[in-house]
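> My questions are about this predicted structure, shown below with the sequence.
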Amino acid sequence: MRRVIFLCTGNSCRSQMAEGWLRHLGDGAFEVFSAGTHPAGKNPLALRAMEEVGVYIAGQESENIDKYVEQPFDYVITVCDRAKETCPVFPGGDRQLHWSFDDPAAAQGTDEERLPEFRRVRDEIRGRIEQFLEKSD
């Protein structure tokens, strides 16, 4: 089983959604994790946006990257520019990828006004996961 970790700054939105999508679409072929350089807990709008499409990420944890730095991964994927800049070297992490997504948590307004941004990023992440799965077979 291939091991994948998604890294972001807060591990609250983008990396959580990426973890959820790969678990959902990967047919059990991957052991999937996510972590942040400064974990901030899961964003409720990220959970809501994912639940709308039948992907439940409430059971995932918002964890610090330090927990995983000594573990080997087949793929280390950063999903924000700040995480890419501060990403440590992982043992066996010879496949480091960078997928830059906008931070939906930065959207302004009420939850209802911000939710479309979460949906847009959610759908972009799904597209990137689908491309990843096509290439990693």
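Everything's here; your move. Numbers count the residues shown, from 1 in each chain.
> center of this protein - which residue?
Ser15 (1.8 Å; C-alpha atoms, centre = their mean).
> In which helix or strand does that residue reside?
Element membership of Ser15 [criterion: DSSP states H and E] is helix 14-25.
> Please put the alpha-carbon coordinates of stretch 5-21 into CSV.
In CSV, the C-alpha atoms belonging to stretch 5-21 read as follows (Å, rounded to 0.1, in the frame of the first residue of the first chain):
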residue,chain,number,x,y,z
ILE,A,5,0.7,12.7,3.1
PHE,A,6,-0.9,16.1,2.3
LEU,A,7,0.7,19.1,3.9
CYS,A,8,-0.7,22.6,4.4
THR,A,9,-0.2,25.3,7.0
GLY,A,10,-3.3,24.9,9.2
ASN,A,11,-4.4,21.4,8.2
SER,A,12,-7.9,22.7,8.4
CYS,A,13,-9.2,22.9,4.8
ARG,A,14,-7.2,22.0,1.8
SER,A,15,-5.1,19.1,3.1
GLN,A,16,-8.1,17.7,5.0
MET,A,17,-10.2,17.8,1.7
ALA,A,18,-7.3,16.2,-0.2
GLU,A,19,-7.0,13.4,2.4
GLY,A,20,-10.7,12.8,2.3
TRP,A,21,-10.8,12.7,-1.5
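> Quick check: mean pLDDT of that stretch?
In this model, stretch 5-21 carries a mean pLDDT of 94.
> Provide the contact partners of stretch 22-40 at residue level.
1-12, 15-16, 18-19, 54-55, 60, 62-65, 67-68, 73, 82-83, 86, 126, 129-130, 132-133 (C-beta atoms under 8 Å, 6 or more residues apart in numbering). Where you see a C-beta, it was placed from the backbone N, CA and C, and this is true even at glycine.
> which residues touch the helix ranked longest in the chain?
For the chain, the helix with the greatest residue count under DSSP state H is helix 111-135. Helix 111-135 is contacted from outside by 13-14, 17-18, 21-22, 25-26, 43-46, 48-50, 52-53, 79, 97, 99, 101-104, 107-108, using C-beta under 8 Å, 6+ apart.
> Quick check on these: which are buried?
Buried members of the contacts of helix 111-135, counted by 16 or more other C-beta atoms under 10 Å: 13-14, 17-18, 21-22, 26, 43, 45-46, 49-50, 79, 99, 101, 103-104, 107.
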